[in-house]
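*Asks:* Based on what follows, work out the 3D shape:
(chains A, B and C)
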Amino acid sequence: MQAFSDPSLFAAFYQEFQVPELPEVETTRRGIEPHIRHRTITRVIVRQPRLRWPVTPGLEQALAGQQIRQVRRRAKYLLVETGSGTLVIHLGMSGSLRILKQPQPPQKHDHIDIQLDSGDVLRYTDPRRFGAMLWLTEDPAEHPLLRELGPEPLDEVLSGDYLFEKSRGRSIAIKSFIMDSHVVVGVGNIYANEALFLSGIHPQRAAGRISLQRYQALAEQIKRVLARSIEQGGTTLRDFVGGDGKPGYFQQTLQVYGRGGKPCRACGETLKEIRQGQRSTVYCGQCQR
DNA sequence: AGAGGTACCTGGCAGC
DNA sequence: TGCTGCCAGGTACCTC
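*Replies:* Numbering: from 1, shown residues only, chains lettered A, B, ... in the order given. Just a heads-up that it's a prediction; the model follows:
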């Protein structure tokens, strides 16, 4: 990430563009649910239907009059359940949701408003439009987008044993392996870099050539880094009402991500930055083998 | 089947 | 100053 040679620029960038990783999605769920649960949708306004996929045609009619039962999360998908179907929301790379208590004129990237009988509005904003807003009438777990997903990282199913078994015979780099949503969901680029550093595993190592013991460390670190972020998102829950709808981010100090060329916090060695699958990987050649 | 690459999209920086 | 090129990233999908 050479563009951010100056740390303050990097910080400014991430204040502006908080990539919703799993902790941010969960924090968003917790932030909005109390305001929308049991409310009835009175009106839906779609200003920009061109997201990752087109917003489901007829979404406005489908949602009007529906009462929201609960908001669940599967991987980075938010599932807004009503009596007759489920609204599936993905925040993509730059999406956010917030609750408006007062009417506010829509800004450039405010693509969708969901008005509630309380007078509140749930507003979806997404500058890069990598997000999604889909209406499903079938069981969301059976939808192609959700059907093939691996276990939640914080579920006990995700363990060293699971990763070890799943990786046998695989030559793919471990970093790509843990970012594959068929293996485990919710491990984005930032947390993949961090978890590999914390467990001392070289990001390019073949997934099939890592011992059970090391996978136990990796599973533990994935859980730890995500759980800590969710915890902090919860305690710093800021401004889902009226404000920018973005959870506090990066409360925990990043060990490697965004620090290519800087000294390793553990050993002082200069951190290496490479690209894997068009994504930035940062690691310590000394600490990670 | 597995591995790797591509596309989608915008804002902001570097460099000319 | 203004333009162009590049880059960040999640994830489905394409190709080999």
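
*Asks:* How about the residues of the stretch 151-289 of chain A by DNA strand C?
*Replies:* By the rule CB under 7 Å from any atom of the strand, the part of the stretch 151-289 of chain A lying against DNA strand C is A:179, A:181, A:185-186, A:188-190, A:257, A:275, A:278-280. For every residue, glycine as well, the C-beta is placed using N, CA and C.

*Asks:* give me that answer again for 6 Å
*Replies:* A:181, A:188-189, A:279-280 (CB under 6 Å from any atom of the strand).

*Asks:* Buried members of those into ChimeraX, please.
*Replies:* Applying 16 or more other CB atoms under 10 Å to those, the buried members can be selected in ChimeraX as follows:
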select /A:188,189,280
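
*Asks:* Return the subset of the residues of the stretch 151-289 of chain A next to DNA strand C lying in strands.
*Replies:* Cross-referencing those against strands under DSSP state E gives A:279-280.

*Asks:* Need the residues of the stretch 151-289 of chain A next to DNA strand C in JSON lines (columns: pLDDT and distance to A:H38).
*Replies:* Converted to JSON lines, these look like this (pLDDT from 0 to 100; distance: CB to CB, whole Å):
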{"residue": "A:S181", "pLDDT": "91", "distance to A:H38": "31"}
{"residue": "A:G188", "pLDDT": "88", "distance to A:H38": "32"}
{"residue": "A:N189", "pLDDT": "90", "distance to A:H38": "37"}
{"residue": "A:R279", "pLDDT": "87", "distance to A:H38": "41"}
{"residue": "A:S280", "pLDDT": "90", "distance to A:H38": "43"}
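
*Asks:* Next, format the residues of the stretch 151-289 of chain A next to DNA strand C as CSV and append distance to A:C287.
*Replies:* Below are these laid out as CSV (distance: CB to CB, whole Å):
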residue, distance to A:C287
A:S181, 27
A:G188, 22
A:N189, 19
A:R279, 20
A:S280, 18
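
*Asks:* Sketch out the helices for chain A, chain order is fine.
*Replies:* Assigned by DSSP state H, chain A shows helices spanning A:7-16, A:22-36, A:59-63, A:144-147, A:160-167, A:174-179, A:189-198, A:212-235.

*Asks:* Could you point out which of those sits nearest A:L154?
*Replies:* When the helices of chain A are compared for distance to A:L154 using CB to CB, the nearest one is helix A:212-235, at 5.9 Å.

*Asks:* Would you mind listing where the stretch 101-250 of chain A has pLDDT under the threshold?
*Replies:* Within the stretch 101-250 of chain A, the stretches with pLDDT under 70 are A:234-250.

*Asks:* Please tell me how far the residue of it found nearest DNA strand C sits from A:P106.
*Replies:* For the stretch 101-250 of chain A and DNA strand C, the shortest gap (CB to the nearest atom of the strand) falls at A:G188, measuring 2.4 Å. Distance from A:G188 to A:P106, counting by CB to CB, to the nearest Å: 28 Å.

*Asks:* same thing with A:T270?
*Replies:* Taking CB to CB, one finds A:T270 at 46 Å from A:P106.

*Asks:* what's the answer for A:Y77, then?
*Replies:* Taking CB to CB, one finds A:Y77 at 24 Å from A:P106.

*Asks:* Just want to know which of those two has more residues nearby.
*Replies:* Between A:Y77 and A:P106, counted using other CB atoms under 10 Å, A:Y77 has the larger neighbour count: 21 against 16.

*Asks:* can you pull the contacts of A:N189?
*Replies:* By CB atoms under 8 Å, 6 or more residues apart in numbering, the contact list for A:N189 reads A:179, A:257, A:279-280.

*Asks:* ok, so of the residues you listed, who is nearest DNA strand B?
*Replies:* Using CB to the nearest atom of the strand, the contacts of A:N189 come closest to DNA strand B at A:R279, 8.5 Å.

*Asks:* show me what contacts that closest one?
*Replies:* Here A:R279 is in contact with A:179, A:189 (CB under 8 Å, 6+ apart).

*Asks:* what pLDDT does the closest residue in space to A:R73 that isn't next to it in sequence get?
*Replies:* Leaving aside its chain neighbours, A:R73 sits nearest to A:R29 (5.0 Å; criterion: CB to CB, 6 or more residues apart in numbering). With respect to pLDDT, A:R29 scores 92.
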